[in-house]
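Engineer: build the 3D model from these lines:
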Amino acid sequence: MDTSPPAWLPETAARTYPGWVQRKAVTLCKRDQKRGGSSNVQEYRIAIHNAVVASGGLDHWTGEQLDWHLIGTYDNREAEAGSGAHKKLYALLPTIDHHSNLPEPNFVICAWRTNDAKHDMTPEELVEFCRRVIAHAEAKTASVADCG
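Structural biologist: Numbering: from 1, shown residues only. Down below sits the predicted model:
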């Protein structure tokens, strides 16, 4: 199976891509095996690559263009020393999101910000949560407008 970087990937990201996919595959495979998963690193590597290709470079949940130049640049030590401003710099960092809560290589690609907000929610739970956020925001806006 061809796992070459997608043609739409920026040149700098294309150079980083193979190592990024491999590191993510190893990390996610180990984590899922601890949770009862039985797939191997190669299956994870292929699933991640397929998710990247399917993404077309966009966040699966929001449709936002992801900043592929950022892959392989996130540093946990920098983040711990940083603040909310540091997190914002990486808001559109492409990340790998399990499509379900099962410990298997079934992924979509989304922004780090989206993945952070979604956390362990299922797709259905995420949609319901977003509906509540929107309904609440609209109710607050209507309440403020009624006061004017």
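Engineer: return the helix or strand in the protein with minimum mean pLDDT.
Structural biologist: Counting by mean pLDDT, DSSP states H and E, the chain has its least confident helix or strand at helix 76-81, which shows a mean of 70.
Engineer: which residues sit against stretch 33-47?
Structural biologist: 1, 3, 21-22, 24-26, 28-29, 32, 102-107 (C-beta atoms under 8 Å, 6 or more residues apart in numbering). Quick note: C-beta positions are derived from backbone N, CA and C, even for glycine.
Engineer: could you rerun that using 6 Å?
Structural biologist: 1, 21, 25-26, 28-29, 103-105, 107 (C-beta atoms under 6 Å, 6 or more residues apart in numbering).
Engineer: what comes up buried for stretch 49-67?
Structural biologist: 49, 51-53, 55, 57-61, 64, 66-67 (16 or more other C-beta atoms under 10 Å).
Engineer: and if you look at stretch 35-43?
Structural biologist: 37, 39, 41.
Engineer: what of stretch 3-12?
Structural biologist: Result for stretch 3-12 [16+ other C-beta under 10 Å]: buried residues 5-6, 9.
Engineer: what's the first-to-last distance across that stretch?
Structural biologist: 17 Å (C-alpha to C-alpha, to the nearest Å).
Engineer: again, but for stretch 113-131
Structural biologist: 18 Å.
Engineer: chain center to it, what's the gap?
Structural biologist: 11 Å (C-alpha atoms, centre = their mean, to the nearest Å).
Engineer: average pLDDT for that stretch?
Structural biologist: Stretch 113-131 shows a mean pLDDT of 90.
Engineer: returning to that earlier point: only whichever of the contacts of stretch 33-47 are buried, select them in ChimeraX.
Structural biologist: For the buried members of the contacts of stretch 33-47, the matching ChimeraX selection, counting by 16+ other C-beta under 10 Å, is:
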select :21,25,28,29,103,104,105,107
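Engineer: among the contacts of stretch 33-47, which ones are in helices?
Structural biologist: Counted as lying in helices by DSSP state H, out of these, are 21, 25-26, 28-29.
Engineer: of those, which is the nearest to Asn115?
Structural biologist: Leu28 (12.3 Å; C-beta to C-beta).
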